[in-house]
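Build me a model from this:
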Amino acid sequence: MPESKKANGSGKGKAAVGAPAAAVATTKATPHPRGGWKKGVAIFDFVLRLAAIGAALGATATMGTADEILPFFTQFFQFEAQYDDFEVFMFFVIANGLVSAYLVLSLPFSILCIVRPHAVGPRLLLLIGDTVMMALTIGAAAAAASVVYLAHSGNPNANWLPICQQFGDFCQSTSSAVVASLIAAALLLILIVLSAFALRRRT
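Numbers count the residues shown, from 1 in each chain. Below you'll find the model as predicted:
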């Protein structure tokens, strides 16, 4: 009889010791994945790319269709202004067309960053491409803006007369194209900052 009581007592002690271990095992917290904000940044990146595509395409189309013919002409001359009369404007159209094509091709990589927000390769590739395209856009817009300024104001020291008094519609189209291109450059700058922030804040 004493031996049986001793055995029962030892069994109870073992059960009491094992109970806290089971409770600890069941209450252990499972770590949740961090970095959900990167997916939000990737979605915002995609929306900004769509806006930049619209701005770059608008600049290309507006400048590429800039054309005005004055209602009066002589027997030998017809007064007309086209964008291809200025090499700077031709460079502007080509540059913004390239930027538009790049932004369209970058959309799959932006979607990949939404699906895999922690992927470094696509984000780094977008950062490099956006930087190059922003430099091209700013260069083309700055060169075209200088010609548009001369068309509006002229240069008395060089005897360059303003032509916007005669070619008002042409100057308005070219000015609008320059503004649209600068908007595209600003959106590309924001995209660069977002990509750099997403690469810097690693979780």
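
make it CA atoms for all contacts and neighbour counts henceforth
Fine.

buried ones in stretch 103-120?
103, 106, 107, 109, 110, 111, 113, 114, 117, 118 (16 or more other Cα atoms under 10 Å).

pretty sure residue 175 is touching residue 150, no?
No: assessed by Cα atoms under 8 Å, residue 175 is found out of contact with residue 150, at 11.6 Å.

more neighbours, these two?
Neighbour count, other Cα atoms under 10 Å: between residue 175 and residue 150, residue 175 has more, with 21 against 15.

so how far is the helix or strand containing the more buried one off the chain centroid?
Assigned by DSSP states H and E, residue 175 falls within helix 168-200. Chain-centre distance of helix 168-200: 9 Å, with Cα atoms, centre = their mean, to the nearest Å.

Packing partners of that helix?
Identification of packing neighbours for helix 168-200 by 3 or more Cα pairs under 8 Å, 6 or more residues apart in numbering; DSSP states H and E yields helix 36-64, strand 67-73, helix 121-153.

angle of it against helix 121-153?
Helix 168-200 runs at 150 degrees relative to helix 121-153, counting by axes from the mean of the first three to the mean of the last three Cα atoms, to 10 degrees.

what is the rounded mean pLDDT of helix 168-200?
On average, the pLDDT along helix 168-200 is 91.

buried ones in it?
Judged by neighbour count using 16+ other Cα under 10 Å, the buried positions of helix 168-200 are 169-171, 173-175, 177-189, 191-192, 194-195, 198-199.
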